[in-house]
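**Q** sequence plus predicted model, see below.
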Amino acid sequence: MRPGVRALAAAAVLCGLAATAGCGKVVFIGDAPASSAPPAGSAPATAPATPPPAPTATGGSQDFSGTAQPPGNNTLELVDGTAADNGVSGNGGTVVGAAVQQEPPNWVQLVAVRSRTLDAHLVDVNQSTLYRFDKDGADPSRTACEGECAVTWPPVTIKQGGKVYVRGVRPSAVGGFKRPDGTVQLTIGGWPIYRYSGDSAPGEEKGQGIGGTWFAVAPNGQKAVPNR
């Protein structure tokens, strides 16, 4: 980790100590939305007065501990602490920079850090900065980045049934949804998250602000705030 980047230590936001549901819970994965039209005969949907703190349709999270897995949904397990904290070595298969993610990783790590230029934002196990895209959607979770876009901005994917190691992230913020190609992409606060292929060294933030639509993602899914 480069100088000036440090993990957040505030216990109030640590998984397991957060006010919301704790870790060890199961996150269900929704399918990519096929249509925005409501089913026939259903009441028209009304937009919420304020955005929810976490996804509610696809990419949502619920605590199914001690209960049967909801039928028709694949799941992810949230684990308190980093992979190393839990005795797991390696990177789970997560690649860096322009390297192609041939297969979704077995597990993914999400850790909140601060740097000299950005307030709280997320990095993966390789200390690669993670980003969100303004043209995506959060409720329900959906991606507007496919094809060449997804080569430049690789989605943060994970194998179905994989583990997500988290530190400095509220469990209720973590979700996942199926992209149109069937792969599972992780979400924070409903927003799909990505790496930037131009970030090749730990802690780089070269994707910040590109096109006025790409920004480092904060632990709640919002845009990370620049340090002043």
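**A** Nice, I can see it.

**Q** how about the contacts made by residue 163?
**A** 76-79, 106-108 (CB atoms under 8 Å, 6 or more residues apart in numbering). Using the backbone N, CA and C atoms, a C-beta is placed for each residue, glycine as well.

**Q** what subset of these is buried?
**A** 76, 78-79, 106-108 (16 or more other CB atoms under 10 Å).

**Q** next one: phi and psi at residue 163?
**A** When read as degrees, to the nearest 10, the backbone of residue 163 gives phi -100, psi 140.

**Q** which pair in the buried ones among the contacts of residue 163 has the greatest spatial separation?
**A** Greatest spacing in the buried ones among the contacts of residue 163, by CB to CB: 78 and 106 (15.0 Å).

**Q** returning to that earlier point: out of the contacts of residue 163, who's nearest residue 98?
**A** Closest to residue 98, out of all of the contacts of residue 163 and judged by CB to CB, is residue 108, at 19.0 Å.

**Q** got a list of what the nearest residue to that closest one once chain neighbours are set aside touches?
**A** Leaving aside its sequence neighbours, residue 108 sits nearest to residue 158 (CB to CB, 6 or more residues apart in numbering; 4.9 Å). For residue 158, the contact set (CB under 8 Å, 6+ apart) comprises 76, 104-108, 164, 176, 184, 186.

**Q** and the furthest pair within these?
**A** 106 and 176 (14.5 Å).

**Q** roughly how far does residue 107 sit from residue 79?
**A** With distances taken as CB to CB, to the nearest Å, residue 107 is found 8 Å from residue 79.

**Q** give me the common contacts of those two.
**A** 163-165.

**Q** could those go into a markdown table alongside distance to residue 148?
**A** Below are these laid out as a markdown table (distance: CB to CB, whole Å):
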| residue | distance to residue 148 |
| --- | --- |
| 163 | 31 |
| 164 | 27 |
| 165 | 31 |
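
**Q** would you list the residues you listed in a markdown table and tack on pLDDT and distance to residue 99?
**A** As requested, the shared contacts of residue 107 and residue 79 are arranged in a markdown table below (pLDDT from 0 to 100; distance: CB to CB, whole Å):
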| residue | pLDDT | distance to residue 99 |
| --- | --- | --- |
| 163 | 95 | 22 |
| 164 | 96 | 21 |
| 165 | 97 | 21 |
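
**Q** what is the nearest of those to residue 100?
**A** residue 164 (21.8 Å).

**Q** wait, the closest one touches residue 111, no?
**A** No - using CB atoms under 8 Å, residue 164 is not in contact with residue 111, being 11.1 Å away.

**Q** helices and strands around the helix or strand residue 110 falls within, which ones?
**A** Using DSSP states H and E, residue 110 sits within strand 107-114. For strand 107-114, the packing partners by 3 or more CB pairs under 8 Å, 6 or more residues apart in numbering; DSSP states H and E come out as strand 6-7, strand 121-123, strand 163-167, strand 184-188.
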